[in-house]
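Colleague: One predicted model, sequence on top.
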Amino acid sequence: MQTQTLERMESNVRTYSRSFPVVFTKAMNARLTDETGREYIDFLAGAGTLNYGHNNPHLKQALLDYLASDGIVHGLDFWTAAKRDYLETLEEVILKPRGLDYKIQLPGPTGTNAVEAAIRLARVAKGRHNIVTFTNGFHGVTMGSLATTGNRKFREATGGIPLQGAAFMPYDGYLGENTDTLDYFEKLLADKSGGLDTPAAVIIETVQGEGGINVAGLEWLKRLEQICRANDILLIVDDIQAGCGRTGKFFSFEHAGITPDIVTNSKSLSGFGLPFAHVLMRPDLDKWKPGQYNGTFRGFNLAFATAAAAMRQYWSDDTFERDVQRKGEIVAERFQKIAAWLTERGIKATERGRGLMRGIDVGSGDIADKITGKAFENGLVIETSGQDGEVVKCLCPLTIPDEDLQQGLDILEESVKQVIT
Ligand code: PLP
């Protein structure tokens, strides 16, 4: 495989090609093919961007039809037929059946663009600067989002510019099973000498993806919503990784029965892996003046076409979400077995997750790296997350066929056994 040009020309900042140093050429659903023709099962799926698999045929057809019709590809934020269809489908298929009423902002196409817009909107709407975020939270690496991101490696890469406007609270479970971390948040809010500037908003992932598949309890999330309401603080759910069906519901917060004031989606929103993001906001929060927050790539018409097709194909009834939950249970069961096997051999390991967003915490980044490295040798693309990369995580396409899912899990189990002899 020819990798010299890639190694020579691409910046040192590259990441995933270090873990998977082959040249990929093709992909279909949960399988990737490299230049030599070798196939891999994909448990990474664009870090949660390919929930409907690589080159999903329904979405590819929608894209090809749109291109063949000479539909508008770039139109700044012009009104286009594709945008109208996207908004109508979002309203009819996703929002109305869930009793949700949101206005939609189309920021730049990445997750961090959506987070920047969401926290800026909260600040404008409330006239306060502070955003409460949580330990191990990951919300992107541009300056505003980075201020709400916990990971030191990313925070240190600002060239010394201070990250401002955010305060960290302990996530659910951060202080052990027996401590409700919201007691601390609530106490600080009530304490005039607690040092916490009244926040405009709280931003939270209901399941932390990059932070190590940490799962917030449903009661905890309900209490967080109540605290926000009682203190006139906006609740932003960052559903960039956990949304679009990953946890078994379209929005991850549906499990808790809460209604965020603002929601961010990106990653799997286009369905096809096209760059695309939106911010959902309670209608009365739409305090923007025309053009006050802009950008050249606001809404991507090709993504409108594929995203609308994805919603129609997978979310018109509950068949798909039930299937995701079923597959999630298969992964959970196998992960529990692997964790128990490791624990019996002196490596304390635990399984956790919601839906098809699951991980095994093996307690050490070194061990997790060895496992994922061996898995790649054996034909499985799988990554780690957590503060030291100690969690082996499964983000396989939600559309993965059962045989591929079993094969991927078999490879993982076999790799664990080869590494821990
Ligand atoms: N928010 C969450 C929850 C994420 O998981 C990510 C990326 O992993 C982001 C924001 C940032 O998205 P992007 O990498 O597209 O900027």
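Modeller: Nice, I can see it. Residues are numbered from 1 along each chain as shown.
Colleague: and the gap between residue 61 and residue 388?
Modeller: For residue 61, the distance to residue 388 (Cβ to Cβ, to the nearest Å) stands at 43 Å. For glycine as for every other residue, the C-beta is placed from the backbone atoms N, C-alpha and C.
Colleague: Let me fix that, I meant to ask about residue 190.
Modeller: Counting by Cβ to Cβ, the gap from residue 190 to residue 388 is 35 Å.
Colleague: between the two, who's got more neighbours?
Modeller: residue 388 (14 against 11; other Cβ atoms under 10 Å).
Colleague: Find the residue closest to the more buried one in space, skipping its chain neighbours.
Modeller: Leaving aside its sequence neighbours, residue 388 sits nearest to residue 365 (Cβ to Cβ, 6 or more residues apart in numbering; 3.8 Å).
Colleague: For the stretch 251-400 of the chain, which residues are neighbours of the ligand?
Modeller: Proximity of the stretch 251-400 of the chain to the ligand is confined to residue 266 under the rule Cβ under 6 Å from any ligand atom.
Colleague: Verify the contact between residue 274 and residue 306 for me.
Modeller: Yes: between residue 274 and residue 306 there is a contact at 6.1 Å, judged by Cβ atoms under 8 Å.
Colleague: Quick check, the residue in this protein closest to the ligand?
Modeller: Residue nearest to the ligand within the chain: residue 111 (2.1 Å; Cβ to the nearest ligand atom).
Colleague: Report pLDDT for that residue.
Modeller: According to the prediction, residue 111 has pLDDT 98.
Colleague: thought it was touching residue 277?
Modeller: Yes: with contact defined as Cβ under 8 Å, residue 111 counts as touching residue 277 (6.3 Å).
Colleague: what sits in contact with each of the two?
Modeller: 240, 264, 266 (Cβ atoms under 8 Å, 6 or more residues apart in numbering).
Colleague: who's in contact with residue 119?
Modeller: Here residue 119 is in contact with 131, 144-145, 148, 165, 200-201, 203, 236 (Cβ under 8 Å, 6+ apart).
Colleague: tell me which element it falls in.
Modeller: Element membership of residue 119, judged by DSSP states H and E, is helix 111-126.
Colleague: After that helix, which helix or strand is next?
Modeller: Sequence-wise, the next helix or strand downstream of helix 111-126 (DSSP H and E) is strand 131-134.
Colleague: what's in contact with that next one?
Modeller: Counting by Cβ under 8 Å, 6+ apart, 119, 122-123, 139, 147-150, 165-171, 174, 185, 196, 199-205, 208, 233 sit against strand 131-134.
Colleague: Among these, which ones are in helices?
Modeller: Of the contacts of strand 131-134, the ones assigned to helices by DSSP state H are 119, 122-123, 147, 185.
Colleague: Chain neighbours aside, what residue packs nearest to the most centrally placed residue in the chain?
Modeller: Note on the chain: the residue nearest the mean C-alpha position is residue 241, at 0.8 Å, using Cα atoms, centre = their mean. Closest residue in space to residue 241, ignoring its immediate chain neighbours: residue 209 at 3.7 Å, by Cβ to Cβ, 6+ apart.
Colleague: Next: residue 395.
Modeller: Residue 395 sits nearest to residue 48 (Cβ to Cβ, 6+ apart), 4.9 Å away.
Colleague: before we move on, back to that, got a list of what the residue nearest to the centre of the chain touches?
Modeller: Here residue 241 is in contact with 47-48, 111, 205, 207, 209-210, 267, 357 (Cβ under 8 Å, 6+ apart).
Colleague: From those, which land in strands?
Modeller: 207, 357 (DSSP state E).
Colleague: what would the contacts of residue 241 look like in JSON lines with distance to residue 227 and neighbour count?
Modeller: As requested, the contacts of residue 241 are exported to JSON lines (distance: Cβ to Cβ, whole Å; neighbours: other Cβ atoms under 10 Å):
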{"residue": "47", "distance to residue 227": "31", "neighbour count": "17"}
{"residue": "48", "distance to residue 227": "28", "neighbour count": "24"}
{"residue": "111", "distance to residue 227": "26", "neighbour count": "28"}
{"residue": "205", "distance to residue 227": "17", "neighbour count": "27"}
{"residue": "207", "distance to residue 227": "20", "neighbour count": "23"}
{"residue": "209", "distance to residue 227": "24", "neighbour count": "23"}
{"residue": "210", "distance to residue 227": "25", "neighbour count": "24"}
{"residue": "267", "distance to residue 227": "28", "neighbour count": "28"}
{"residue": "357", "distance to residue 227": "25", "neighbour count": "27"}
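Colleague: where exactly do the strands run in the stretch 51-200 of the chain?
Modeller: 103-105, 131-134, 166-169 (DSSP state E, counting those that start in this stretch).
Colleague: and these as TSV, adding mean neighbour count?
Modeller: As requested, the strands of the stretch 51-200 of the chain are exported to TSV (neighbours: other Cβ atoms under 10 Å):
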stretch	mean neighbour count
strand 103-105	18
strand 131-134	26
strand 166-169	18
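Colleague: how about the ones you listed in TSV, adding distance to the ligand and mean pLDDT?
Modeller: Compiled in TSV, the strands of the stretch 51-200 of the chain are given as follows (distance: least, Cβ to the nearest ligand atom, whole Å; pLDDT from 0 to 100):
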stretch	distance to the ligand	mean pLDDT
strand 103-105	16	98
strand 131-134	11	98
strand 166-169	14	98
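Colleague: Would you tell me which of those gets closest to residue 251?
Modeller: strand 103-105 (14.0 Å; Cβ to Cβ).
Colleague: Name the strands paired with that closest one and say parallel or antiparallel.
Modeller: Strand pairing for strand 103-105, using DSSP bridges, gives strand 278-281 (antiparallel).
Colleague: Just the residues contacting the strand it pairs with, thanks.
Modeller: Contacts for strand 278-281 (Cβ under 8 Å, 6+ apart): 100, 102-107, 114, 117-118, 121, 261-266, 269, 299.
Colleague: List only buried entries from those.
Modeller: 100, 102, 104-107, 114, 117-118, 121, 261-266, 269, 299 (16 or more other Cβ atoms under 10 Å).
Colleague: Show me where the stretch 1-150 of the chain has its helices.
Modeller: 4-9, 16-19, 45-48, 57-68, 81-89, 111-126, 143-147 (DSSP state H, counting those that start in this stretch).
Colleague: Could you identify which of the ones you listed is most buried?
Modeller: Mean neighbour count, computed with mean count of other Cβ atoms under 10 Å, is highest for helix 111-126 among the helices of the stretch 1-150 of the chain, reaching a mean of 24.
Colleague: Near the ligand, which residues of the stretch 101-250 of the chain are found?
Modeller: 110-112, 115, 138-140, 205, 209-210, 238, 240-241.
Colleague: in those residues, which two residues are the furthest apart from each other?
Modeller: 110 and 205 (16.2 Å).
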